[in-house]
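**Student:** Prediction below, plus the sequence it came from.
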Amino acid sequence: MKVLIADKFEDSGVQGLRAAGCEVVHAPDLQDEALARAIAETQADVLVVRGTRVAEAALEAGRLALVVRAGAGYNTIDVAAAARRGIYVSNCPGKNAIAVAELTLALILALDRRVPDNVADLRAGRWNKQEYSRARGLYGQTLGLLGAGSIARAVIRRAAAFGLHLVLWSRRFDGQDRPLARQEAQALGLDPAAAAVALAPSPAEVAGRCDILSVHLALGPQTRGLVDAALLARLKPGAMLINTARGEVVDHQALAAAVREKRLRVGLDVFAAEPPTATGEMHDPIVGLPGVYGTHHIGASTEQAQEAIAAETVRIVRTYAQTGEVPNVVNLSRKTPASHMLVVRHRDRPGVLAHVFEHLREENVNIQETENVVFEGAEAAVARVNLDHAPTPALLAAIRDGNADVLDLRLIAL
């Protein structure tokens, strides 16, 4: 199996793929037409990317069967185009959660103690202990979180050690206004004794109750611009807002206005318009506002996180090479569009399923999914065939009576 890695990637991952029997072509920094050409020239089976955009033209350029996003978010990949071509798209969720959580807490601490301003004044030869001694401190404040994914949970575990109160909203708890139950906390991997979490019924309610609002939402139609002017208006004057998720989740014009009007203190690792490459000019005016600190979209960029992501990428590719199955697939249909299941009990002989499929084809019945399980001794098997519509009684009779190795048929409406 040939693997094209089109981004910088840990050497442990490259060696792990080679140890799994893959032929690896490592060509960092491929973009656009160059990426499409490389896919066509290498005829790679698997493409591994980090931040590189994978457009439909690239997906159509060769014989790709799998695209692995070596990270969590996959908004840089044309997932719909991959689905149309039957190309798996997989990611590495949760492997960078600790790194992003650490940066989230770093931004909170930096805002509270104005660490960058301290450093800037010292480097400029200015000593101002009187000014920088003024800080509220985190203990006893309320941290509000939007989202309950792996990163938010890692933040909760660390925030509890600072003595922060915690209030949470996520779609899974939408509309609920109560403490997080012990069983729910345990299901999320939280220690109920260490981190008491209150659920809020809406994002606006979280904003109204917290001193610090931290965003941990994936980007989608429902979350784009979710942190808007109305939500920001619920924050207290001087509150903090942290975004280490996706820039598009926050309305940056509304945020800039709130910084000026409500003296919000803001920590951003993601922005509305980031440079398309790892280095370049950055002209977002929000970074020049007082009380706004920014980092360079580096939340997941620790050595620990990248090693974990590399190991997960190797696991995904190895599993696919050895079993044909793909862990962490993001573009499979969650529910089969089939309306009926045809259960075929048959002798395990050549041509039986071909007989069944040929009769279905003749009547234009489309097969959506199929599974064939073989009994001990390999004398008999049962095939479960999901269909887009019900076969006629005449077709079922032709399948049943046309091959002596078909033992029984059963049609189930889904």
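**Tutor:** Happy to help now that I have it.
**Student:** Around the closest residue to A195 other than its chain neighbours, count how many other residues there are.
**Tutor:** Leaving aside its chain neighbours, A195 sits nearest to A160 (3.9 Å; criterion: Cβ to Cβ, 6 or more residues apart in numbering). Every residue, glycine included, has its C-beta placed from N, CA and C. Here the count is done by other Cβ atoms under 10 Å, and A160 has 19 residues near it.
**Student:** I'd guess A160 is in a helix, am I close?
**Tutor:** Yes: looking at A160 with DSSP: H, G, I helix; E, B strand; the rest coil, it is inside a helix.
**Student:** For it, list the residues it contacts.
**Tutor:** Applying Cβ atoms under 8 Å, 6 or more residues apart in numbering, one finds that A160 lies in contact with L166, A194, A195.
**Student:** Sitting in strands, which of these do you find?
**Tutor:** L166 (DSSP state E).
**Student:** As a markdown table, the contacts of A160 with neighbour count and distance to P327 would be great.
**Tutor:** Output for these, formatted as a markdown table (neighbours: other Cβ atoms under 10 Å; distance: Cβ to Cβ, whole Å):
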| residue | neighbour count | distance to P327 |
| --- | --- | --- |
| L166 | 21 | 31 |
| A194 | 11 | 30 |
| A195 | 20 | 29 |
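**Student:** Now tabulate the contacts of A160 in TSV and tack on distance to I5.
**Tutor:** As requested, the contacts of A160 are arranged in TSV below (distance: Cβ to Cβ, whole Å):
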residue	distance to I5
L166	39
A194	40
A195	38
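**Student:** now, among the contacts of A160, which is nearest to E274?
**Tutor:** L166 (29.6 Å; Cβ to Cβ).
**Student:** could you measure that closest one against L105, distance?
**Tutor:** L166 sits 13 Å away from L105, going by Cβ to Cβ, to the nearest Å.
**Student:** Now for those two: what residues contact both?
**Tutor:** In terms of Cβ under 8 Å, 6+ apart, L166 and L105 are both contacted by the residues A159.
**Student:** Next, work out how far apart Q306 and V317 are.
**Tutor:** Counting by Cβ to Cβ - Q306 and V317 are separated by 16 Å.
**Student:** more crowded one of the two?
**Tutor:** The neighbour comparison of Q306 against V317 (other Cβ under 10 Å) goes to V317, with 27 against 22.
**Student:** Tell me the secondary structure at the more buried one.
**Tutor:** Recorded secondary structure, V317: helix (three-state DSSP).
**Student:** quick one: it and M1 touch, right?
**Tutor:** Yes: between V317 and M1 a contact is recorded at 7.5 Å, counting by Cβ atoms under 8 Å.
**Student:** Please identify every residue contacting each of the two.
**Tutor:** Counting by Cβ under 8 Å, 6+ apart, the shared contacts of V317 and M1 are C22, V46.
**Student:** Can you give the domain ranges for the chain?
**Tutor:** For the chain, automatic domain parsing gives the domain ranges 2-95+304-323, 97-299, 340-413.
**Student:** for those, which one ends up most surrounded?
**Tutor:** Ranked by mean neighbour count, the domains of the chain are led by domain 2-95+304-323 with a mean of 19 (mean count of other Cβ atoms under 10 Å).
**Student:** Throw the domains of the chain into CSV and include distance to V330 and mean pLDDT, thanks.
**Tutor:** Formatted as CSV, those follow (distance: least, Cβ to Cβ, whole Å; pLDDT from 0 to 100):
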stretch, distance to V330, mean pLDDT
domain 2-95+304-323, 5, 95
domain 97-299, 11, 95
domain 340-413, 18, 95
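**Student:** Now tabulate these in JSON lines and tack on distance to N331.
**Tutor:** Shown next, in JSON lines, are the domains of the chain (distance: least, Cβ to Cβ, whole Å):
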{"stretch": "domain 2-95+304-323", "distance to N331": "4"}
{"stretch": "domain 97-299", "distance to N331": "14"}
{"stretch": "domain 340-413", "distance to N331": "15"}
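**Student:** could I get stretch 303-313 in CSV with only the CA atoms?
**Tutor:** C-alpha atoms of stretch 303-313 as CSV (Å, rounded to 0.1, in the frame of the first residue of the first chain):
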residue,chain,number,x,y,z
GLU,A,303,5.6,17.2,20.8
GLN,A,304,3.5,15.0,22.9
ALA,A,305,0.4,15.7,20.9
GLN,A,306,2.1,15.2,17.5
GLU,A,307,3.6,11.9,18.6
ALA,A,308,0.1,10.7,19.8
ILE,A,309,-1.4,11.8,16.5
ALA,A,310,1.3,10.1,14.5
ALA,A,311,0.7,6.8,16.4
GLU,A,312,-3.0,7.0,15.7
THR,A,313,-2.4,7.7,12.0
